[in-house]
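**Q** output the structure for:
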Amino acid sequence: MLGCPITELPEFGNMPKLQTLHLPDNELTRLPENIGKLTNLKRLAVDSNNLEALPDSLTRLSNLEKLNVSFNQISRLPDGMKGMTSLQNLNIGSNMLQELPDDLAVLPLVKLKANQIGFQEIPPVILSIESLEVLKLSLNQISLLPPEIAQLNNLAVLDVAHCRLTSLPEEIAQLPHSCDVEVGGNPLSEGIRSHFARIHEEGGPLISYTEDEGDPVERATQPLDTNVAKWIKDLTPEQLQKWQAFGREERAGHLNTWLEFMDQTADFKNEQTRPRLEQRMRNMLGDLTRMLEDPDDTRLSIYLGIAEEATSSCRDRIAVGLNNMELQQVNDRAGQGGVSSKQLLALGREMFIRDQIDHIAKDKVKGLRGVDEVEVHLAFQVGLQRSFGLTFGNQDMLYRGCSQVRDKDLRLAERRIQASLEAPGMLRSFLADWEPMRSMVKLRYGVEWRATERKFRELEEQAYGQGGKTDWKALAELGKQREQAFHELCASKLNELTQTNLPSYSPLSGEPSSSKRPRLG
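**A** Now for the predicted structure:
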């Protein structure tokens, strides 16, 4: 039973022949207390649910061989795990465990996955499970491998990638020659990594440092003008010279790195999404070129700041950098009156949806450990793009699996955003505070805007008083009243700007289309 919105299961009856129970990607908050009655159960998968605990009776499943409880919110394993005398394969990754019970050491475990839990050190009990052949501990906060790792003399795979290891113990060489050790994504020096081949040649394990897109972005190797010309083929000689000169400035470094590694993003690697990415890059670099040509244009520094943030970690952050630049681009154009009221309303609706996505992603991150919030945000944005007809942003991402955003999270987010679009007043209130909308109201209704400004300027002058007797409390209150007055002015003008309704949104996946449109309420 996969991907159903079930939150609970009924108590189990007598099912002596049941050997496999497969319940991943649901919305289970608990398992029946009498699950221990399933005495012949061999395989249990309840990964990607909302479980916070496991029933104690689970430990009576003495025939259980494989248990997967990953991607939940479990904070502890039940007491009495030693009763699970047949358990060979245990996956507890992506939970909130603080420690592991000591009686795991007596189980015949062959494979243990404890990725992305937040462990700062390897729990000692793991080092006592001599039967282990596969041990996966990637994406934890582990900064040290203890010498006792050599006690696991049956290991065939040890995965400690993307932890915080800065060194490896000498005892690592005592692991079996046939063992594969993955340490990629750790801050290990070149000096340490240079010994890996010798360790294997002398009978130790094969230690691999896999370079992947999850590692921090390196610096660019090509000149800035070369990286710009990869995306814009028709630059004039004068424009190329501008880029060449700018490339010699220190502040251009992050922008150059951002450009050089854009072809490592998911949208570029996917042939179906690449043409749209290329068009987006041409548009963006066209704007940046015009900024570079105009010495009075001060906006370039904003985009350089976005590029710097985008090169701070992984390739998905590179992709998010383009999203953020496009958002800035939209705000710039809208604020300058470069779009019609209909276009502005459509953009405002999209900004509202993106704001909702941002809140949902932040809520999701609060319940996770060791997850880059950029991955979470991008997973929601990519996953909801088609449902709401978002017109710009990434279509694909590299690390959806690392985000811990599941299909059911997307379904819940879709419903939440749709409810917000239909809720009276929510969209109107957002638009009334959106800076480009305020700029349009100021341009079109200048008389009323200036009258409001004049009114509060006079009130503020009165609050300052004579002889230095300023009423600071009154000034603070006037500031709030002024903001509310402009909010109400913009909200009141929205009806005049919306002679036609906002563009309709797509219905929920699998649901019939509705004639309803988002209301300004």
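**Q** which stretches of the stretch 251-400 of the chain form helices?
**A** 253-260, 266-269, 274-293, 300-310, 315-335, 341-366, 373-384, 400-403 (DSSP state H, counting those that start in this stretch).
**Q** only C-alpha atoms, please: export the fifth one in CSV.
**A** Read it as helix 315-335. Provided in CSV are the C-alpha atoms of helix 315-335 (Å, rounded to 0.1, in the frame of the first residue of the first chain):
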residue,chain,number,x,y,z
ARG,A,315,25.0,22.8,-7.9
ASP,A,316,21.3,23.1,-6.9
ARG,A,317,22.2,26.4,-5.2
ILE,A,318,23.7,27.6,-8.5
ALA,A,319,20.2,26.9,-10.1
VAL,A,320,18.4,28.8,-7.3
GLY,A,321,20.7,31.7,-8.0
LEU,A,322,19.1,32.1,-11.4
ASN,A,323,15.6,32.0,-9.8
ASN,A,324,16.6,34.7,-7.4
MET,A,325,18.0,36.9,-10.2
GLU,A,326,14.8,36.5,-12.1
LEU,A,327,12.8,37.5,-9.1
GLN,A,328,14.9,40.6,-8.8
GLN,A,329,14.5,41.2,-12.5
VAL,A,330,10.8,41.0,-12.2
ASN,A,331,10.7,43.4,-9.3
ASP,A,332,13.0,45.9,-11.2
ARG,A,333,10.8,45.9,-14.3
ALA,A,334,7.5,46.1,-12.4
GLY,A,335,8.8,48.8,-10.2
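**Q** where does this structure have its least confident helix or strand?
**A** None of the helices or strands of the chain scores lower by mean pLDDT, DSSP states H and E than helix 400-403, at a mean of 62.
**Q** picking up where we left off before, a markdown table please, covering the helices of the stretch 251-400 of the chain and showing distance to residue 232.
**A** For glycine as for every other residue, the C-beta is placed from the backbone atoms N, C-alpha and C. Output for these, formatted as a markdown table (distance: least, CB to CB, whole Å):
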| stretch | distance to residue 232 |
| --- | --- |
| helix 253-260 | 11 |
| helix 266-269 | 16 |
| helix 274-293 | 5 |
| helix 300-310 | 15 |
| helix 315-335 | 15 |
| helix 341-366 | 25 |
| helix 373-384 | 26 |
| helix 400-403 | 30 |
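**Q** the ones you listed: which one's closest to residue 488?
**A** helix 341-366 (17.2 Å; CB to CB).
**Q** now do the buried residues in that closest one.
**A** Under the neighbour-count criterion of 16 or more other CB atoms under 10 Å, helix 341-366 has 341, 344-354, 356-357, 360-361, 364-365 buried.
**Q** try stretch 408-426
**A** For stretch 408-426, using 16+ other CB under 10 Å, the buried residues are 408, 409, 410, 411, 413, 414, 417, 418, 420, 421, 422, 426.
**Q** centre of the chain to stretch 452-463, how far?
**A** 45 Å (CA atoms, centre = their mean, to the nearest Å).
**Q** buried sites along it?
**A** In stretch 452-463, residues buried by neighbour count (16+ other CB under 10 Å) are 452, 456, 463.
**Q** and stretch 249-269, C-alpha only, in PDB?
**A** Output of stretch 249-269 as PDB, limited to C-alpha atoms (Å, rounded to 0.1, in the frame of the first residue of the first chain):
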ATOM      1  CA  GLU A 249      37.600  43.300 -11.200                       C
ATOM      2  CA  GLU A 250      37.700  41.200  -8.000                       C
ATOM      3  CA  ARG A 251      33.900  41.500  -7.500                       C
ATOM      4  CA  ALA A 252      33.300  39.700 -10.700                       C
ATOM      5  CA  GLY A 253      34.700  36.400  -9.400                       C
ATOM      6  CA  HIS A 254      31.500  34.900  -8.000                       C
ATOM      7  CA  LEU A 255      29.500  35.800 -11.100                       C
ATOM      8  CA  ASN A 256      32.100  34.100 -13.300                       C
ATOM      9  CA  THR A 257      31.900  31.000 -11.100                       C
ATOM     10  CA  TRP A 258      28.200  31.000 -11.200                       C
ATOM     11  CA  LEU A 259      28.200  31.200 -15.000                       C
ATOM     12  CA  GLU A 260      30.900  28.500 -15.400                       C
ATOM     13  CA  PHE A 261      29.000  25.900 -13.400                       C
ATOM     14  CA  MET A 262      25.500  26.600 -14.700                       C
ATOM     15  CA  ASP A 263      26.000  23.700 -17.200                       C
ATOM     16  CA  GLN A 264      26.300  21.300 -14.200                       C
ATOM     17  CA  THR A 265      22.700  22.000 -13.100                       C
ATOM     18  CA  ALA A 266      19.900  19.600 -13.600                       C
ATOM     19  CA  ASP A 267      18.100  21.900 -16.000                       C
ATOM     20  CA  PHE A 268      21.100  21.900 -18.300                       C
ATOM     21  CA  LYS A 269      21.800  18.100 -18.000                       C
END
